[in-house]
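**Student:** Quick check, what structure comes out for this input:
(2 chains)
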Amino acid sequence: MTETDKYYVERCLDGHPDDFRHLVRRYQPILLAHLAGKLGRRDRAEEAAQETLVRAYFKMDTLKKPESFLPWLLGIADNVAKEQQRAEQIRRKRESVRAFCEEAPQPELSQDYALEAAIAALPEAYRTVILLRYYGGLSCGGIAEKLDTPLGTVTKTLSRAYALLRDSLQRQTVNEVQA
Amino acid sequence: MNCAECKELLVASLEGLLDDSQKRAVKEHLNACETCREEFQGLQTLRERLVNNGRTLAVESQDVASPFEDEVMNRIIREQSARLKSAAQAGMGLRIRRLIMRNPMIRVAAAAIVIVACAIGVMFWTGTESIALAQVLARVEQIQAYVYKTKMTTEDSMTGTTRIESTVFVSNEYGMRIDQTGVHSHDGQETPIQLRTYLLPQKKIVVTVNLADKQYGRMTFDDATLENAQTKNRDPREIVKTMLGHQYRELGTSVIDGRKVQGFETTDPGFMSGSFKSIRGTLWVDVETWLPVWSETEMEVGEGVRASAVDYDYQWDAPVDASTFEPEIPAGFTADRMDGTQMPSFSEKGFIEALQMAVDFTGHYPKAIDSNSLRQLPMEIAESMTTSDRPAAQQWREELKQFKDAGGSKEAAIRAGQERMMKLMALNMFPMILNQQQMDPVYRGDVVTPKDIELPLMRWKTGDNEYRVIFGDLHTDTVDAETLATLEAALPK
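**Tutor:** Numbers count the residues shown, from 1 in each chain, chains lettered A, B, ... in the order given. As a prediction, this is how the structure comes out:
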């Protein structure tokens, strides 16, 4: 588990598919948090996360910088989420046509959907830091190393991310109250 | 320290990143300033939320594989064995698969699904207890010919996306014609589709004219297949009878193209042979003519494969004449590799042959005969054909070699392989026919093996107290209900 992403990516490309397991283990929580915020439902997020990882595995030879595995993975996740959302929109449109005969089933929200949605809405730089810190289990020092930036920048980014998250969570609460 | 300076350090403080003098300064300021204290508490709460949420998503133990992880790895292994082995080791498997996906029969089957969908409405109506029911049935029974349009999308994560628009002509007298135009896209490549398919029951042939590739093919089919094609594609009354048992609900009234319509919907998984992971059919019927105006079908065929179709612009009792159903093959077109072959038989015999083929090449029966399991089978067989030591596989390779040595073309060899693979379609189609005729087929490939000469692998109802049984060793028998119960009681739990 302590090897770098680059190491595992290269192992996979060298014909050791089982080493992909380590990358799955490493990024599962990050992917789930990232997708849960976008998709709003834990089961959908899980499905999308699996799809993302499977696609990533088969596209690995197109990953130009193996050390940038995570941003690349999140890019794939965004595509998967978009596809799912599109399918969901179509489904909803149809659903609204028949809304008069049935109440829509309540989606099963994850435990802290508000938070996940707020994270999903963050600009990328802030989102990455939050995801790595609280879902990827890295320390601020670890993040600095991983992103190759000074520790001071990481804490500043994190600080700003906190502020953005609080704003967004407060706005959500206000909207709920008004609704 | 002022408030601005303090606020800048609060997150770092929560993260334990401050040095001793900074810590002291922050602590002093917080003691003195209520605003910053509140700010700090707010940040603390948010941090707890983040940490808690992160924990719920994290793998329980970093050293033990989670079900999530196993599922990802299994999916990768499944897909990889499909992709890599067949492609890299022999190059044959994938090619066969691609051919199967491109072959016209699959398209005919896809079109048939759409046609069934259009007839859903009739089934809905017969399920209602209103006076209108008789009118609808009488009305539909009078229909001699109709034309409608279809837009269909099939998404397959492995083979790409196909979008097709079709015009379908159906005549009780002449048969069926489907004109398709569309695009197949896969890995950024787009292939245009322009096809005309004629299903001609009197001549017992299917003719496909591929306008994009300038090719044509004529395939013959047997009586069982014909009967299926007739019940499925041409006689709404049959469909009424077979689909009556499925659940549906009313969607109320609406307006389409200025016409008042009433809607119905079914999501009954047993609908359309029950071989799909999920299905939803919606139909809107003109309240004045009692004939379908608009219909939609969405189905999840299996992992990564979805299909959706909209049928519209129905012209009931449209004037069609014989020339519409006369295949027109433009000059300069050449015969494709399916030309002159026999379509697989969807009879009991064809079904047993397909089961035998599965066992010969893979050593076991498919666990289930739903669309998803059956998607895997051709891959498995193609892989076995190219790599396995089973006698059937060796024999197949030997045949190919002899064929090649005798100067046979590569094309012809591929064609032979394809003809063989198409037999597998009976696994799907035969139970589908039984289902449509409400003959209650039950398949137990999950527990019955070729060694189980006394266990029922598949059975269906042929009469009041009469069942047809195919046993594990593929011999057949006709038994009464009591005998069947004894046979089924012997199945492993």
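
**Student:** residues in contact with the spatially most central residue of chain A?
**Tutor:** Nearest to the mean C-alpha position of chain A, counting by Cα atoms, centre = their mean, stands residue A:34 at 1.9 Å. By Cβ atoms under 8 Å, 6 or more residues apart in numbering or on different chains, the contact list for residue A:34 reads A:74, A:77, A:119-120, A:127, A:131, A:135. Heads up, the C-betas are built off the backbone N, CA and C, glycines and all.

**Student:** and if you look at residue B:320?
**Tutor:** Listed by Cβ under 8 Å, 6+ apart, the contact set of residue B:320 reads B:145, B:147, B:169, B:171, B:174.

**Student:** run the last query once more with 10 Å
**Tutor:** Shown in contact with residue B:320 (Cβ atoms under 10 Å, 6 or more residues apart in numbering or on different chains): B:144-147, B:169-174, B:177.

**Student:** Please apply the same query to residue A:168.
**Tutor:** Neighbouring residues of residue A:168 by Cβ under 10 Å, 6+ apart: A:114-115, A:117-122.

**Student:** tell me the SS of it?
**Tutor:** Using DSSP: H, G, I helix; E, B strand; the rest coil, the structure places residue A:168 in helix.

**Student:** swap in the one 4 residues further on?
**Tutor:** Put simply, residue A:172 is helix when judged by three-state DSSP.

**Student:** Find the residue closest to it in space, skipping its chain neighbours.
**Tutor:** residue A:114 (5.4 Å; Cβ to Cβ, 6 or more residues apart in numbering or on different chains).

**Student:** burial count for that neighbour?
**Tutor:** 16 (other Cβ atoms under 10 Å in any protein chain shown).

**Student:** Residue B:348 now?
**Tutor:** By other Cβ under 10 Å, neighbour count at residue B:348 equals 17.

**Student:** buried set for stretch A:62-70?
**Tutor:** For stretch A:62-70, a neighbour-count test (16 or more other Cβ atoms under 10 Å in any protein chain shown) marks A:63, A:66, A:69-70 as buried.

**Student:** Likewise for stretch B:163-172?
**Tutor:** Within stretch B:163-172, the residues scored as buried using 16+ other Cβ under 10 Å are B:164, B:166, B:168-171.

**Student:** out of these, which are inside strands?
**Tutor:** Members of these lying in strands (criterion: DSSP state E): B:164, B:166, B:168-171.

**Student:** ok so, going back, just give me the closest of the contacts of residue B:320 to residue B:370.
**Tutor:** For the contacts of residue B:320, the residue nearest residue B:370 by Cβ to Cβ is residue B:170; the value is 27.9 Å.

**Student:** Residue 75 is in what secondary structure piece?
**Tutor:** Defaulting to chain A. helix A:69-97 (DSSP states H and E).

**Student:** wait, chain B
**Tutor:** helix B:67-80.

**Student:** And chain A, is that helix touching that?
**Tutor:** Yes. Interface with chain A: helix B:67-80 contributes B:67-80 (Cβ under 10 Å from any Cβ of the partner chain).

**Student:** Now list the buried members of those residues.
**Tutor:** Listed as buried from those are B:68-69, B:71-73, B:75-76, B:79; burial here means 16+ other Cβ under 10 Å.

**Student:** Turn those residues into JSON lines, including pLDDT.
**Tutor:** Below are those laid out as JSON lines (pLDDT from 0 to 100):
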{"residue": "B:68", "pLDDT": "81"}
{"residue": "B:69", "pLDDT": "81"}
{"residue": "B:71", "pLDDT": "82"}
{"residue": "B:72", "pLDDT": "82"}
{"residue": "B:73", "pLDDT": "79"}
{"residue": "B:75", "pLDDT": "79"}
{"residue": "B:76", "pLDDT": "76"}
{"residue": "B:79", "pLDDT": "71"}
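
**Student:** Can I get the residues you listed in a markdown table including distance to residue B:298?
**Tutor:** Below are these laid out as a markdown table (distance: Cβ to Cβ, whole Å):
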| residue | distance to residue B:298 |
| --- | --- |
| B:68 | 28 |
| B:69 | 31 |
| B:71 | 25 |
| B:72 | 27 |
| B:73 | 30 |
| B:75 | 23 |
| B:76 | 28 |
| B:79 | 24 |
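
**Student:** Could you work out the most separated pair of the residues you listed?
**Tutor:** Farthest apart among these by Cβ to Cβ are B:68 and B:79. That separation is 16.9 Å.

**Student:** check contacts around the closest residue to residue B:261 other than its chain neighbours.
**Tutor:** Nearest non-adjacent residue to residue B:261, counting by Cβ to Cβ, 6+ apart: residue B:284, 4.1 Å away. Neighbouring residues of residue B:284 by Cβ under 10 Å, 6+ apart: B:121, B:251, B:253-256, B:259-265, B:292-296, B:312.

**Student:** My understanding was that residue A:147 contacts residue A:141; is that so?
**Tutor:** No. Taking contacts as Cβ atoms under 10 Å, residue A:147 lies outside contact range of residue A:141: 11.2 Å.

**Student:** quick one: which of those two has more around it?
**Tutor:** residue A:147 (19 against 12).
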